[in-house]
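> 3D model of this:
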Amino acid sequence: MSKVKLVDIAYARSGDKGDICDIGLMAKTSKDYANIKKQVTPEKVKAFFGDMVKDRVEIFPMDNIESLEILLHGGLGGGATQSLRIDGTGKPLCTALLRMEIDV
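Residues are numbered from 1 along each chain as shown. All right, here's what the predicted structure looks like:
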């Protein structure tokens, strides 16, 4: 079994609402979606981001468009108007998530 970065098998878009980062992870193929859906879990995403995500991670599969909706609660340092981060919005976190590796 080998590893692949999500950037090679998926696209991502993100947004933010207060201190919640909302990431849409869209598979490039149906086979990729099956792997992503099985392996991109709340526990793995939380571990991947470590201390950046202070609260829970929720994942909602959207089978009709072969995508995952990922919510990172407490993932923005308070949100765009409160964060001391250079970019307190959700945009950089989807790019970061695409660096996560899964088995293929």
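> From now on I want contacts and neighbour counts done on CA atoms only, so please keep to that.
Will do.
> can you give me the helices for the chain?
Chain-ordered helices for the chain, with DSSP state H as the definition, fall at 30-39, 42-49, 91-97.
> model confidence over the last one, on average?
Pointing back at helix 91-97 there. The pLDDT scores in helix 91-97 average 80.
> Next: the second one.
For helix 42-49, mean pLDDT is 97.
> and what of stretch 66-77?
Looking at stretch 66-77 alone, the average pLDDT works out to 92.
> Kindly check the end-to-end length of it for me.
Taking Cα to Cα, to the nearest Å, the span from the opening residue of stretch 66-77 to its closing residue is 30 Å.
> Can you list the neighbours in contact with it?
Here stretch 66-77 makes contact (Cα atoms under 8 Å, 6 or more residues apart in numbering) with 18-27, 30, 33, 37, 52-62, 83-85, 88-90.
> give me the number of residues near Lys31?
Other residues near Lys31 come to 12 when the count uses other Cα atoms under 10 Å.
> got the contact list for it?
Taking Cα under 8 Å, 6+ apart, we find Lys31 in contact with no residue.
> Likewise for the one 10 residues further on?
Shown here is Thr41, whose contacts under the criterion Cα under 8 Å, 6+ apart are Ile59.
> Going forward, the N-terminal residue is numbered 13.
All set: I'll call the first residue 13, so the last point we hit is now Thr53.
> Tell me how many other residues surround Lys50.
Taking other Cα under 10 Å as the criterion, the count of residues near Lys50 is 10.
> should've said Met74
When neighbours are defined as other Cα under 10 Å, Met74 has 14 of them.
> Tell me the bridge partners for it.
Beta-bridge pairing of Met74, defined through DSSP bridges, involves Ser79.
> Roughly how far does it sit from Asp28?
19 Å.
> One more: Val65?
According to Cα to Cα, Val65 stands 13 Å off from Asp28.
> One more: Asp75?
Going from Asp75 to Asp28 by Cα to Cα gives 23 Å.
> who's more crowded, these two?
Set side by side, Asp75 and Asp28 give different neighbour counts by other Cα under 10 Å, the larger being at Asp28 (19 against 12).
> Do I have it right that the more buried one meets Asp34?
Yes: when contacts are counted by Cα atoms under 8 Å, Asp28 is listed as touching Asp34 (5.7 Å).
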